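> Turn this into a model:
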Amino acid sequence: MLPSGDYKIQNFLHKDRFVHMEAEGAVVGFKDADDVELLVTDPVLGLGTLFDKLRHKYIVIDREGKVVGSAERQVLQFSTEGDGKYTIHEMNINEVWVLNEDRDLTPIVTAPAPPPSVKDHEKKYWLFVRVF
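Down below sits the predicted model:
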């Protein structure tokens with residue numbers, strides 16, 4: 001599990017897109033990254049919360065499967081298959097963050113984790129770039 005700290009969260013497939021929260025709260029892929037604070041709550045299970053320091057909101061998954069900003073925190077699970085690549089999802093739920101297009105302002109949504117046989121399956125992976 002990653003240590004608690006500040007990160008820029010980068011999509012693995014679309015390397016020029018980072019997590020960014022718009023003013024109204026939608027979380028999108030964007031060329032400029034927001035600083036996001038990861039607070040680890042259970043390193044063994046890979047659990048933690050994400051807080052967008054630009055918008056002063058937590059990053060959560062809403063009931064419609066959209067990744068959005070919220071005043072209330074939500075514990076997320078960070079699963080890794082190695083190489084520093086993580087999937088982000090609610091605990092023990094196979095609906096992971098995906099970035100479907102390599103365009104600015106593309107919403108980050110959740111979907112069933114695409115298997116390796118799918119051409120663009122790496123859109124489900126996220127890299128955490130430490131900010132010091």
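
> Tally up the residues packed near residue 2, please.
Residue 2 has 16 neighbours, counted by other CB atoms under 10 Å. Just so you know, the C-beta spots here come from the backbone N, C-alpha and C atoms, and that holds for glycine as well.

> Residue 5 pairs with what?
Bridge pairing for residue 5 (DSSP bridges) gives the partners residue 38.

> residues in contact with it?
37, 38, 130, 131 (CB atoms under 8 Å, 6 or more residues apart in numbering).

> Those residues: which two are farthest apart?
Within the contacts of residue 5, 37 and 130 form the most distant pair, 11.6 Å apart (CB to CB).

> Relative to residue 1, how far out is the nearest residue to residue 35 once chain neighbours are set aside?
The spatially closest residue to residue 35, leaving aside those adjacent along the chain, is residue 53, at 4.5 Å (CB to CB, 6 or more residues apart in numbering). Distance of residue 53 to residue 1, computed by CB to CB, to the nearest Å: 21 Å.

> which of the two has more neighbours?
Using other CB under 10 Å, the more surrounded residue of residue 53 and residue 1 is residue 1, with 16 against 13.

> for that one, what are its contacts?
So residue 1 contacts 40, 43, 44, 46, 48, 78 (CB under 8 Å, 6+ apart).

> Filter those down to the buried ones.
Buried members of those, counted by 16 or more other CB atoms under 10 Å: 40, 46, 48, 78.

> part of a strand, is the third one?
Yes. Judged by DSSP: H, G, I helix; E, B strand; the rest coil, residue 48 forms part of a strand.

> Surely it touches residue 36?
No. Using CB atoms under 8 Å, residue 48 is not in contact with residue 36, being 10.8 Å away.
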